[in-house]
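Undergrad: Model the structure of this input:
(chains A and B, ligands or ions: 2)
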Amino acid sequence: MTVSLTLAHVSAHYGSTQVLEDLSLDVGEGELVSLLGASGCGKTTTLRLVAGFLRPTAGTISLGARNITGVAAHARNIGLVFQTYALFPHLSVLDNVAFGLRQRGMGTAERHGKAHEMIERVGLTGLADRYPSNLSGGQRQRVALARALVIEPPLLMFDEPLSNLDAKLRVDMRVEIRRMQRAAGTTALYVTHDQEEAFSISDRVAIMHRGRIMQLDAPEVLYSRPANAFVADFVGFGNMIPLEVAGEDDTRVIARMAGGATLSLPKADFSVPGRNFVLAARPEGLGVSQGGAGIPATLGLRTYLGRAYQYRCTTDVGEVIANGPLSDPLEPGSNVTLVPQPDQCCLLPAETA
Amino acid sequence: MKTRIHPALIAFSVFTFVFLIGPLIIIIGTAVSDTTFLTFPPQGFSMRWFANIFEVSAFPRTMVTSFTLAVLATTLSLMVGVPAAYALARFRIELPKFLANVFVLPILVPEIVLGFSLLKSVATGVGASIWTSLLIGHALLVLPYCVRVVGASLNSFDFSVEEAAVSLGCPRWKAFFVVVLPNIRAGVIAAFILAFITSINDVSVSIFLTGPGISTLPIQLLAHMEQFFDPTIAAVSVLLMGVTVAVMTVVEWTLGLTFLTK
Ligand SMILES: Nc1ncnc2c1ncn2[C@@H]1O[C@H](COP(=O)(O)OP(=O)(O)O)[C@@H](O)[C@H]1O
Ligand SMILES: [Mg+2]
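TA: Ligands and ions are numbered 1, 2, ... in the order given. Reported below is the predicted structural model:
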């Protein structure tokens, strides 16, 4: 069974401090949506609301057509995987995995059969009699996964499940989590503060900031077409250059920046969102060129990145970071122009900046 | 390289042992002395003072009283203390800070004050029976140990484990018994032992609350000493030591003693 999850206009408070503000979110059937954001932005709080450990102060939470806002946590039938694994230390792997089945009143033989099957599926064959203290971090995470999956929940939730593992294992485990979630067809809500992790395993990602969702979209969309300055900055558009439309013809828009310099933006590459707008550019999206049309800049400190040289440049709109080719290292103090590359830049309405 | 231990540290350790073990050896010596007064080194060897314990009827009687009282008071105290410690650890952020200290008050108030105030309030004030007063007094006396020791093991308990159980379909109240309690077992047993020993040894609170016909072992020891000053007291002490060692041995076999210091 698979079912969608909907949060509608949900607010949450701890005492008198508001942690979530009018948050709406939907996860489609069988979809994996990640909540991505810095520590303290309210990701765990969102999971706790859905799990039923915390009551929203406004809004509703539904699984499919069923409103679960007031349903007790133990009656929600949601699989949870915790950052700390949260295995039962006094129970063997087998009993950990069988715990949820036991709560459902399943007989011993059937329960153990199912648990063994699940232990095999997560790759822990032969470890059923171990205790959690005798398992490695990766093995514990697998037990936690098996324990959540065996109850066949319509919704799975993960709270930074990989943050206590080392880098290599993290990549392996996230692929495996994705594979098992796909195979089971379970709807999933996944929390992480790691952008690569979120982008790599999710159908869609919600970028959160201070208790609000700034943008909810497919990773590709977030990466190339951020909706606002916060998301743009988050996905690596480090430079924000405010511009104003100064004129246009059939093929191009002429934009003026503070200090008077003008940029010519081909309409085929850029769609200007309003009279005042912001050019958001990744460092590799500003080509360093000697002469020609672009943003006038003076090169400052040069650092070596391996794939390119990076320059801190002084411009009329403040410090801008741009990458230049390895073939042609330039000296600090050189006067250059920075030329926006359409595929590494985007234009944002000024009011979101 | 061999680690060198400073001679002063060795001397200090030896002194500590002498002062800890010394009195115990003296008491054992005194208990087997074949004299009618307390003396060390023992003169002669006799077990008659051990036999005498059971001839003075007040000793067996107060032993039973003390033992029953300690078991009941400790149980009562744990029934209050475990939920209190749980609430204090679970809702540490939400609860006002002073609350944690309220449960430690009995340890900060001099015992003699505690005993006297209980006499005023419970015994003469409300008119509770001697037994009830003793039970309440001892339960209060040992409550801080229960709350603190159980609290210590709860502080290292990851409450997401409890939430994991709830998410798997286990109601909250049940999760406490099937998940929380088994994981703080050592702390509860340690609290029980500490509280039990505190109750068995108590003089200051009991002296105010005991009365006609009902006394505890330590109070009886004091009364006996005032009248007779014979080695029976030493014999009772040795007996108590024996019981303590036996209990600790059993604990060591089953749980390991390290949990007491954890
Ligand atoms: N039990 C609590 N009491 C008070 N404030 C809390 C509590 N838990 C979390 N917070 C606060 O709520 C905010 C969001 O926390 P959380 O949802 O845990 O963030 P995240 O999981 O994104 O790191 C943080 O500012 C945090 O300090
Ligand atoms: Mg969190």
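Undergrad: Can you give me the distance of the closest residue to residue A:191 other than its chain neighbours to residue B:235?
TA: Excluding its sequence neighbours, the residue lying closest to residue A:191 (C-beta to C-beta, 6 or more residues apart in numbering or on different chains) is residue A:43, at 4.3 Å. The way it works is simple: take the backbone N, C-alpha and C, and place the C-beta from them, glycine included. For residue A:43, the distance to residue B:235 equals 68 Å [C-beta to C-beta, to the nearest Å].
Undergrad: ok, the residue nearest to residue A:191 to ligand 1 distance?
TA: Taking C-beta to the nearest ligand atom, to the nearest Å as the measure, residue A:43 falls 3 Å from ligand 1.
Undergrad: ok, that residue - how many residues close by?
TA: When neighbours are defined as other C-beta atoms under 10 Å in any protein chain shown, residue A:43 has 25 of them.
Undergrad: so what's it up against?
TA: Neighbouring residues of residue A:43 by C-beta atoms under 8 Å, 6 or more residues apart in numbering or on different chains: A:35, A:36, A:37, A:159, A:191, A:193, A:208.
Undergrad: surely the fourth one meets residue A:83?
TA: Yes. In terms of C-beta atoms under 8 Å, residue A:159 counts as a neighbour of residue A:83; the distance is 5.2 Å.
Undergrad: So the two - more neighbours on which side?
TA: Higher neighbour count among residue A:159 and residue A:83: residue A:159, with 23 against 18, using other C-beta under 10 Å.
Undergrad: So which bits of the stretch 101-250 of chain A are right by chain B?
TA: Contact residues (C-beta under 8 Å from any C-beta of the partner chain) of the stretch 101-250 of chain A with chain B: A:103, A:104, A:147, A:148, A:151.
Undergrad: Regarding the nearest residue to the first one once chain neighbours are set aside, what is its secondary structure?
TA: Which is residue A:103. Nearest residue to residue A:103, sequence neighbours excluded (C-beta to C-beta, 6+ apart): residue B:169, at 3.7 Å. Look at residue B:169: counting by DSSP: H, G, I helix; E, B strand; the rest coil, its state is coil.
Undergrad: sorry, back to before: quick check on the residues of the stretch 101-250 of chain A next to chain B: which are buried?
TA: A:103, A:147, A:148, A:151 (16 or more other C-beta atoms under 10 Å in any protein chain shown).
Undergrad: ok, now which ones touch the third one?
TA: This points to residue A:148. Residue A:148 is in contact with A:79, A:80, A:81, A:156, B:167, counting by C-beta under 8 Å, 6+ apart.
Undergrad: Mind picking the two most distant members of the residues you listed?
TA: Farthest pair in the contacts of residue A:148 (C-beta to C-beta) is A:156 and B:167. Separation: 10.6 Å.
Undergrad: Overlap in contacts, these two.
TA: Taking C-beta under 8 Å, 6+ apart as the criterion, residue A:156 and residue B:167 both touch A:78, A:79, A:80, A:148.
Undergrad: Now do the SS call for whichever residue of the stretch 1-150 of chain B sits closest to ligand 1.
TA: Residue nearest to ligand 1 within the stretch 1-150 of chain B (C-beta to the nearest ligand atom): residue B:93, separated by 4.9 Å. Three-state call for residue B:93 (three-state DSSP): coil.
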